[in-house]
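**Q** okay, predicted coordinates and the sequence, questions at the end:
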Amino acid sequence: DGGITQSPKYLFRKEGQNVTLSCEQNLNHDAMYWYRQDPGQGLRLIYYSQIVNDFQKGDIAEGYSVSREKKESFPLTVTSAQKNPTAFYLCASSIDNGGVPQPQHFGDGTRLSIL
Amino acid sequence: DQQVKQNSPSLSVQEGRISILNCDYTNSMFDYFLWYKKYPAEGPTFLISISSIKDKNEDGRFTVFLNKSAKHLSLHIVPSQPGDSAVYFCAARGGQGKLIFGQGTELSVKP
């Protein structure tokens, strides 16, 4: 079954620690995205990548970093510089076919909490 | 500046009746609009989309209407079912394929 897998589902971090959230897809999608969801604020784009070894900042990239070494994988690191990291993090992917609109498909999310 | 807005945080309807969820946007350059459904602790699921060159798209019980002059999007669910109870997000496609999401509307369908 093709899909997007995010792990772990729940993650706890001590203040001052970096933590990495995993996102893997077997849909052969070119583009991948990371969003953050906070109550009442919808989804906000952190980083996105349209091709391997390339990524761009979204609207709220400060305190986060990403890598895209493989097409299937787009891990997100929440660094100690992120002052309010407690949130629900969602990874998505889509076909990037040069203009014809395609929906993004989402994983089931990782809830990050600070201890 | 919120480019995509869902002004109703919640909506309650009776089973069998119509649910109408609304969404407003500010950028006339958006070319593609989507609706997603989300259950708690799960990722959003794509429901239906519409291109800016159309004014209506239908898929079973779900119909999306686009009024470009008013910069307004709506999702109609007919008939509503208890399983439709979820948070609904509208989204608009901006530059470089990025999606801009509204804040969500929580729909409750009562038996």
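**A** Right, received. Where do you want to start?
**Q** alpha carbons only for contacts and neighbour counts from here, please
**A** OK.
**Q** any residue of the helix or strand of chain B with the lowest mean pLDDT up close to chain A?
**A** Per-element confidence for chain B was summarised using mean pLDDT, DSSP states H and E. The lowest value among helices and strands belongs to strand B:99-101, with a mean of 93. Yes. Strand B:99-101 reaches chain A (Cα under 8 Å from any Cα of the partner chain) through B:100, B:101.
**Q** name the helices or strands packed onto that strand?
**A** Judged by 3 or more Cα pairs under 8 Å, 6 or more residues apart in numbering or on different chains; DSSP states H and E, the packing partners of strand B:99-101 are strand A:43-51, strand B:4-5, strand B:86-93.
**Q** if you set the cut-off to 10 Å instead, what comes out?
**A** Taking 3 or more Cα pairs under 10 Å, 6 or more residues apart in numbering or on different chains; DSSP states H and E as contact, the helices and strands that strand B:99-101 lies on are strand A:43-51, strand B:4-5, strand B:19-25, strand B:32-38, strand B:86-93.
**Q** what's the burial count for the closest residue to residue A:9 other than its chain neighbours?
**A** Excluding the flanking residues, the one nearest residue A:9 by Cα to Cα, 6 or more residues apart in numbering or on different chains is residue A:110, at 4.5 Å. Counted with other Cα atoms under 10 Å in any protein chain shown, the burial measure for residue A:110 works out to 24 neighbours.
**Q** and the pLDDT for residue A:110?
**A** At residue A:110, the model reports a pLDDT of 96.
**Q** same question, residue B:95
**A** In the prediction, the pLDDT value recorded for residue B:95 is 77.
**Q** isn't it up against residue B:29?
**A** Yes. Contact criterion Cα atoms under 10 Å: residue B:95 and residue B:29 qualify, at 8.7 Å.
**Q** let me have the helices and strands packed on strand B:99-101 in CSV, adding mean neighbour count and distance to residue A:60 as columns.
**A** Putting those into CSV (neighbours: other Cα atoms under 10 Å in any protein chain shown; distance: least, Cα to Cα, whole Å) gives the following:
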stretch, mean neighbour count, distance to residue A:60
strand A:43-51, 22, 5
strand B:4-5, 20, 17
strand B:19-25, 22, 20
strand B:32-38, 23, 21
strand B:86-93, 25, 17
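**Q** quick one: which of those strands is nearest residue B:106?
**A** Distances from residue B:106 to each of the helices and strands packed on strand B:99-101 were compared by Cα to Cα, and the smallest falls on strand B:86-93, at 4.1 Å.
**Q** could you give the angle of that closest one to strand B:32-38?
**A** Strand B:86-93 runs at 160 degrees relative to strand B:32-38, counting by axes from the mean of the first three to the mean of the last three Cα atoms, to 10 degrees.
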